[in-house]
Each structure stands twice: as structure tokens, then as C-alpha cells.
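*Asks:* Fold the following for me, if possible:
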Amino acid sequence: QCAIIKNVKRFTKRKICSDGTERWKFVAKMSANSNKEKTVIIRTIAVTLIIIAFFVGIILVFYSMLYSEKKKNIIKEGESAARQTAERFDKYLSTNIDSIKLSAYTLDGMILENKSEQEIQDFLVGQSTAIKSAVSENATGLYGYIKGRFYSGTGWIPPTGYDATQRPWYTKPMSNKGMITFLEPYTDVQSGDTMLALGKTLCDDVSVVSVDVSLEQIQQITEESVTSGAADIEMILNQDGIVITHSDVDEVGKNYHEETQTLGAVIAQKLKNAESDYFEFAYHNSHYIVYSAAIQNEWRCLSVKDATRVFGSLQLILFLTVGAILLIIIVVSVIMTNSSKKQLMAEMLNSQLSSTADIYVSMHEINFITDTFTEVRNNKAEASEMIGETRNHCQQMIFMVMEKFSDPSTRESILDFVDFGKLDERLKNRSTITSEFLSVEHEWRRARYIVSDRLADGRVSRAMYLIEDIDAEKRERDAAVEARDN
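*Replies:* Numbers count the residues shown, from 1 in each chain. So this is what the prediction gives:
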């Protein structure tokens, strides 16, 4: 019993040395593989983040360039529309300004020459007719307060109580003596047109001559800028924030400086603080770009473009592109991670197989149907040289090897064990069988078949053929048996 216990202990010790050590070795390999898997995952995540940052950076740079180019195009369109309207308005005003200047010059002479009231009236009538025919048929003609009384070049008779000196067309020029002044636009009661009054003081500093100019033509120009697509909003503002003309006629005459929270108020405020000819801002989830062109009397012509749709399309393209790239990168990363995991799993399996195979002298997988084999491991150099590259005629080869490397005392039994013709019967209800034999070096070995596949009728089609070194185990077992018998 003590021998058996000793044998058991010896066997246990051996298992600890050969199997147990390998087990600890395998655990160490498992730990190393686990660390390697973590490293691979971290590396994959890091590479993925770098790739994402790289491509997102490229996309953002490209988006920034495209955004800048689109913005430049919008600004150019706004500049073109604003300058065109400003130039046409300047030209239109210049003609009327020249008319009022010429009329004022003539009237100054008549005052100095002390011309009669009739002569002044005749001049205003004649000049009004000339303005209507040469400058604008929509003009209301000259009128003014001259030498203490009101004159009208069109023959208009003011109502009772009408005090010309209290009217804006008189008071505003009087506050800017010697200068051409522009009054806020108003709607003419008779024609319904939007009118603009121009006035100038005369040489005596108490007389004023004025003319009403129709803004119908300029209003049409601003509206055409919108209908042509050059701008979404076109307007002219004076220095006080009053709307002179607007593509939306209902806005004409409003004072944007007195409004709050309206689009016009925001535009007027941005214009006041602008440091360049264009500015942009967001209002009610819309993105606006405004170009401003100066008009000779410190008015500004504004071309407003709603860039929300244009930039919205760019943003949509940006989001879709970034999303697509992120999706592709994530898919590739998942594939790479899975591939790395499979590779690590294969390494772990190989490591496990290697650890297990260390207790075997040789390992071969045999295909009994094709009479071929695959070498998994072979620690015996002479046998490996004898087999060479041959992988066919497995039965013949195994007979040759076992006959050469087995001791005569156990040769017959081991050759009978490796006979493929007897395997189906021996493995009929079993998955493994073994046979011990003595090698030519007089060391004990154990040959083993392990079934890996069968045909539908139960015959073995594939099996692992293993040879294990059991010399120490065999001798210890025999010694234990001998000690027990004694």
C-alpha cells in the first residue's frame, strides 16, 4: 500500500512536473495572451481614433475651404447687386440734385436782383415743366418758401392755415443751410407713389426751394434684384435707419433704429457696428450675409442673402460624409478587432496544443479513407527523417516506422495495434484505445488512437495517432506492483 501511495505520490509529482508545470506554463501563456489581447484592443482603438481624427480633420479643412468659397461667391453676388442698385440710385439722384442746384442758383440771382413774385412764379412753373419732361415725369415740380411766401411750380394752392415754415421740407434744409438735404420718404396722396423730397436753402438764409422725386424707379430696381435671384432682400437705408426703398414695399418708411428684435433692426444694428462692407449674422435659425454699398449722401444700399439653404446643404454633406467615414472606420475596426481576436485565439489554441503535445513523442492525424496523414508533432528525429515529406500510404508508413523503432519483444503486439483493418472493431463503441510497447532504446511508450470523425455507418474516418513517453511511469508502476507482491 505504501508503494502504491508512493507510486501515486510519484505519479502525482510527475503529473505536477509534466502536466502541472505545463498547466502553470499554460496559465502564464493565457495571462500573456490576455495582456496581448488588451494591447491589441487598445492599439486598435488608438489607431481607430487617430484615423478618425485624420479623416475628420481633412473633411473639416475641405468643408472650411468649401464654406469660404461659397461665402465669397455670396458676398460677390451681394456686392454686385448692392453696387448696381447704388450706382443707379446715385445716377438718378444726381440728375435731381443737379436740377435743384441749378434752380437754387437761378433763384439766388433773382432774389439778389429783387425780381417780382410773378417772375419767380413763372420761373418755378417753367422749371417744373422742364424737370418733368427732362428728368422724371413723376416729379411733382419745384416748390418753396421764397421771400416770405409759398410758391408752387405746379399751381398747387395750399389749404387755409398751411404754414410752410413748419413743414419738414422747410425745417430740415434750414438746419443744414447751404447743403442739399433729403427728407424721409412719404406716400403721395394723389398718385400713391413713394416720394422723396430734396431741399436747399437760398442766399438770404430764410428761403428754401424743394422738389419731390418719385422713388418708383428705384423701388423697381430693388424689387428686380430679388426677383432675379441676386439678393433675397434689397434695401436702402439713410443714416437715421429709415428705409428709403425696400424689396418689400411695406417696409418703406420704417425706422429700423426704433425697432427691436426685428430682422430690419438687427441689420441696422449690425450695419452700424460693421467694420467692413459686409457682415453676417444668425437670426431665427437663419444665416444671413449682407453687403453694404455707400451712396453719395451717406445712405447705404444693402443686399441681403439668406445663406441658410446653401450652408445647410454643406452641413448636411459634412454630417453625411463624417457619418459614412465613421461607419466605415468602425466596421473596419470591428473586423480588425475580430481578426485580432481570432488570431489570438489561434495562438492560444496552438499554445494549449503545444503545452499538451509536450508529453507526446509524436502526434499525427490520420485519414483512414484516403490513407493519408498530417504531422502535428514529431520529436524523434530519426522517425521524422524516415517519413520525410511523404504524407500518403499511411498504413505502409506506420508499419515501417513501428517495426524499425520498436523492440522485438513487443513488436508483434504493436504492429497488430496499428493495423487499420482492425480499428473499426476495436473502436466500435469507444473513442480511444491504447497499447504499450518497448522502443528500440528500451524505453516504454504508449500508442493511442483518439477518434476525431466517423462515417455515417460508424466506421472511423479520422483519428489522432499519439505516442507518449511513459518510461518513468511504467517502471515506477512495475516497481510498485513488485513491492506489493513482495
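
*Asks:* who's Ser292 bridged to?
*Replies:* According to DSSP bridges, the partner residues bridging Ser292 are Leu302.

*Asks:* What is the burial count for it?
*Replies:* Ser292: 22 surrounding residues under other CB atoms under 10 Å. All C-beta atoms are positioned from the backbone trio N, CA, C, and that covers glycine.

*Asks:* Surely it is in contact with Ala274?
*Replies:* Yes. With contacts counted by CB atoms under 8 Å, Ser292 reaches Ala274, the gap being 6.7 Å.

*Asks:* mind listing what's buried in stretch 375-387?
*Replies:* 377-378, 380, 383, 387 (16 or more other CB atoms under 10 Å).

*Asks:* Between the residues you listed, which sits nearest Glu234?
*Replies:* Nearest to Glu234 among these: Arg377, at 88.1 Å, using CB to CB.

*Asks:* And the closest one, how far from Ser384?
*Replies:* 10 Å (CB to CB, to the nearest Å).

*Asks:* Also Arg448?
*Replies:* The spacing between Arg448 and Ser384, counted by CB to CB, is 19 Å.

*Asks:* Poorly predicted segments of the stretch 51-200 of the chain, please.
*Replies:* For the stretch 51-200 of the chain, the stretches flagged by pLDDT under 70 are 135-139, 188-192.

*Asks:* ok, which stretches of it are strands?
*Replies:* Using DSSP state E, counting those that start in this stretch, the strands of the stretch 51-200 of the chain run over 142-146, 149-152, 181-182, 186-187, 194-201.

*Asks:* does Arg446 belong to a helix or a strand, and which?
*Replies:* strand 444-454 (DSSP states H and E).

*Asks:* What segments of the stretch 101-250 of the chain are helices?
*Replies:* 117-134, 168-175, 216-227 (DSSP state H, counting those that start in this stretch).

*Asks:* nearest to Ser452, of the ones you listed?
*Replies:* When the helices of the stretch 101-250 of the chain are ranked by proximity to Ser452 (CB to CB), helix 216-227 comes first, at 83.2 Å.

*Asks:* buried ones in the helix or strand encompassing Gln396?
*Replies:* In this assignment (DSSP H and E), Gln396 forms part of helix 394-405. Going by neighbour count (16+ other CB under 10 Å), the buried part of helix 394-405 is 394, 397-398, 401-402, 405.

*Asks:* tilt between the very next helix or strand once past it and helix 394-405?
*Replies:* Using DSSP H and E, the next helix or strand after helix 394-405 towards the C-terminus is helix 408-417. With axes from the mean of the first three to the mean of the last three CA atoms, to 10 degrees applied, the angle from helix 408-417 to helix 394-405 works out at 170 degrees.

*Asks:* okay, the angle between helix 408-417 and strand 444-454?
*Replies:* Going by the same axes, to 10 degrees, helix 408-417 is angled at 0 degrees with respect to strand 444-454.

*Asks:* next SSE after helix 408-417?
*Replies:* helix 423-426.

*Asks:* The buried residues of helix 394-405: which two are farthest apart?
*Replies:* Across the buried residues of helix 394-405 (CB to CB), the longest gap, 16.3 Å, separates Cys394 and Phe405.

*Asks:* So for Asp371, which of the strands of the stretch 51-200 of the chain sits nearest?
*Replies:* Across the strands of the stretch 51-200 of the chain, closest to Asp371 is strand 194-201 (CB to CB), at 107.3 Å.

*Asks:* and the closest one, what other elements does it pack with?
*Replies:* Packed against strand 194-201 by the contact rule (3 or more CB pairs under 8 Å, 6 or more residues apart in numbering; DSSP states H and E) you find helix 21-112, helix 168-175, strand 181-182, strand 186-187, strand 208-214.

*Asks:* Each with direction, which strands does that strand pair with?
*Replies:* strand 181-182 (antiparallel), strand 186-187 (antiparallel), strand 208-214 (antiparallel).

*Asks:* Next, the angle helix 216-227 makes with that strand.
*Replies:* 130 degrees.

*Asks:* May I have strand 194-201 exported as CSV, CA atoms only?
*Replies:* The C-alpha trace of strand 194-201 is given here as CSV (Å, rounded to 0.1, in the frame of the first residue of the first chain):
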residue,chain,number,x,y,z
THR,A,194,-43.4,106.8,-52.7
MET,A,195,-41.8,110.2,-52.9
LEU,A,196,-38.5,111.7,-51.7
ALA,A,197,-38.1,115.5,-51.0
LEU,A,198,-34.8,117.3,-51.8
GLY,A,199,-34.4,120.8,-50.5
LYS,A,200,-31.8,123.6,-50.3
THR,A,201,-31.7,127.0,-48.6
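
*Asks:* tilt between it and helix 21-112?
*Replies:* Using the same axes, to 10 degrees: strand 194-201 against helix 21-112 is 50 degrees.

*Asks:* Now do strand 194-201 against helix 168-175, angle only.
*Replies:* 40 degrees.

*Asks:* centre of the chain versus strand 194-201, how much separation?
*Replies:* Here the centre of strand 194-201 is set off from its chain's centre by 55 Å, with CA atoms, centre = their mean, to the nearest Å.

*Asks:* follow-up on the earlier one: I'd like to know which elements the strand holding Arg446 is packed against.
*Replies:* Using 3+ CB pairs under 8 Å, 6+ apart: strand 444-454 touches strand 432-438, strand 460-469, helix 471-485.

*Asks:* contacting residues around Val243?
*Replies:* 185, 235-237, 251-256, 264 (CB atoms under 8 Å, 6 or more residues apart in numbering).

*Asks:* Of these, just say which sits nearest to Phe420.
*Replies:* Nearest to Phe420 among these, counting by CB to CB, is Gly264 at 99.8 Å.

*Asks:* which residues sit in contact with the closest one?
*Replies:* 243, 251, 254, 256.

*Asks:* Leu102 versus that one, what's the distance?
*Replies:* 36 Å.

*Asks:* Same check on Asn114?
*Replies:* Taken as CB to CB, the span from Asn114 to Leu102 is 21 Å.

*Asks:* If you count surrounding residues, which of the two has more?
*Replies:* Neighbour count, other CB under 10 Å: between Asn114 and Leu102, Leu102 has more, with 13 against 8.

*Asks:* and that one, what does it touch?
*Replies:* Per CB under 8 Å, 6+ apart, neighbours of Leu102: none.

*Asks:* Tell me the buried residues in stretch 157-164?
*Replies:* Buried, per 16+ other CB under 10 Å, within stretch 157-164: Ala164.

*Asks:* Now Asp108: closest residue in space that isn't a chain neighbour?
*Replies:* Cys203 (4.2 Å; CB to CB, 6 or more residues apart in numbering).

*Asks:* What is the neighbour count of the one you found?
*Replies:* Neighbourhood size, Cys203 [other CB under 10 Å]: 15.

*Asks:* If I follow the layout properly, it ends up in contact with Tyr105?
*Replies:* No. Using CB under 8 Å, Cys203 is not in contact with Tyr105, being 9.4 Å away.

*Asks:* picking up where we left off before, just how off-centre is the strand holding Arg446 within its chain?
*Replies:* Using CA atoms, centre = their mean, the mean C-alpha position of strand 444-454 is found 61 Å from that of the whole chain.

*Asks:* Quick one: mean pLDDT for that strand?
*Replies:* Averaged across strand 444-454, pLDDT comes to 93.
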